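Asker: with the input below, show me the fold.
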Amino acid sequence: MASTKALGKEGIVIRIPAVISQGTESHVKPGRLTILVSGLEIHDSNSLLLHRFEREDVDDIKVHTHYEVSIRQRFIGKPDITFRLISAKMPEVVPILEMQFSKKIEFLEDALMLRSTGTSSPAEKGYSVWQAASRPVDCARHREPSLGNQEGRLLQLQMSEPLISEEDTQELRQILGKLKGLALDAEAELERQDEALDGITTAVDRATLTIDKHNRRVKKLT
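Answerer: Modelled structure (predicted):
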């Protein structure tokens, strides 16, 4: 937690950029996820608040992959509010969500490897994720084998194994490809909206000129 944004007046724990979709809609747009001490906030790329989840309002959080989560708030008699978020920085957020919503978070099959196989507490799990960048170096130092020792040879074989498996690499490539596609779709949608706004602006200008012309005629008649 110490490596995230310091707690401010709003109690911000961490804020990350994300690609956002709501409910079952296929339309996606860029935005950001903010984790507060009191809940969660989802904003669009213009910093407009799309929804705020108070801590007690969150009914379930599903971790689909390393980089994708969904957050849901249930209602009686009307549709649930669900947001799906994809971000390259999601691995930094998941341990915090696990600490704040330990009874409401669910790791799906593709995301089970995020969880520790030990019996450590959620706080310890979060700390291990924050230290992920330095872990390979520390492990290498502690695993330095002594020559002529059978245990050392076994450790040397372990060290020779790749830190990231081929399966993880393939999964990361697929997720990055999906993120790229979502970003291109969001960019195309923004360009379409810009063109529509240009058309509206032109129409408003024409209407203003017409109104001015009629006003001048009315003044002449009066």
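Asker: in this structure, which strand has the most residues?
Answerer: The residue-count maximum for a strand in the chain (DSSP state E) belongs to strand 12-22.
Asker: what angle separates the helix or strand containing residue 195 from strand 12-22?
Answerer: Secondary structure assigned from DSSP states H and E places residue 195 in helix 166-221. Orientation of helix 166-221 against strand 12-22 (axes from the mean of the first three to the mean of the last three Cα atoms, to 10 degrees) gives an angle of 80 degrees.
Asker: helix 166-221 packs against which elements?
Answerer: Using 3 or more Cβ pairs under 8 Å, 6 or more residues apart in numbering; DSSP states H and E as the contact test, the elements touching helix 166-221 are strand 12-22, strand 29-36, strand 81-86. (Glycine included, C-beta is placed from N, CA and C.)
Asker: how about the ones you listed in TSV, adding mean pLDDT?
Answerer: Conversion of the helices and strands packed on helix 166-221 to TSV gives the following (pLDDT from 0 to 100):
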stretch	mean pLDDT
strand 12-22	92
strand 29-36	93
strand 81-86	93
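Asker: figure out which of these is closest to residue 205.
Answerer: Smallest distance to residue 205 across these (Cβ to Cβ): 28.3 Å, for strand 29-36.
Asker: packing partners of that closest one?
Answerer: Applying 3+ Cβ pairs under 8 Å, 6+ apart, we find strand 29-36 packed against strand 12-22, strand 39-44, helix 90-100, helix 166-221.
Asker: show me which positions of stretch 14-32 end up buried.
Answerer: Buried residues in stretch 14-32, defined by neighbour count with 16 or more other Cβ atoms under 10 Å: 14-16, 18-21, 28-32.
Asker: quick one: which of the helices and strands packed on helix 166-221 is nearest residue 208?
Answerer: Of the helices and strands packed on helix 166-221, nearest to residue 208 by Cβ to Cβ is strand 29-36, at 31.3 Å.
Asker: and the closest one, how far from the chain's centre?
Answerer: The chain centroid and the centroid of strand 29-36 are separated by 7 Å under Cα atoms, centre = their mean, to the nearest Å.
Asker: going forward can the numbers begin at 754, since that is how I track them
Answerer: Let's use 754 as the start, then, which means that last one is strand 782-789.
Asker: between the buried residues of stretch 767-785, which is nearest residue 931?
Answerer: Distances from residue 931 to these, taken by Cβ to Cβ, are shortest for residue 772, at 9.0 Å.
Asker: isn't that closest one right up against residue 842?
Answerer: No - assessed by Cβ atoms under 8 Å, residue 772 is found out of contact with residue 842, at 11.7 Å.
Asker: now do the SS call for residue 803.
Answerer: At residue 803, secondary structure determined by DSSP: H, G, I helix; E, B strand; the rest coil is strand.
Asker: leaving out sequence neighbours, find the closest residue to it.
Answerer: residue 795 (4.7 Å; Cβ to Cβ, 6 or more residues apart in numbering).
Asker: residues contacting that neighbour?
Answerer: Listed by Cβ atoms under 8 Å, 6 or more residues apart in numbering, the contact set of residue 795 reads 773, 784-787, 802-806, 836, 838.
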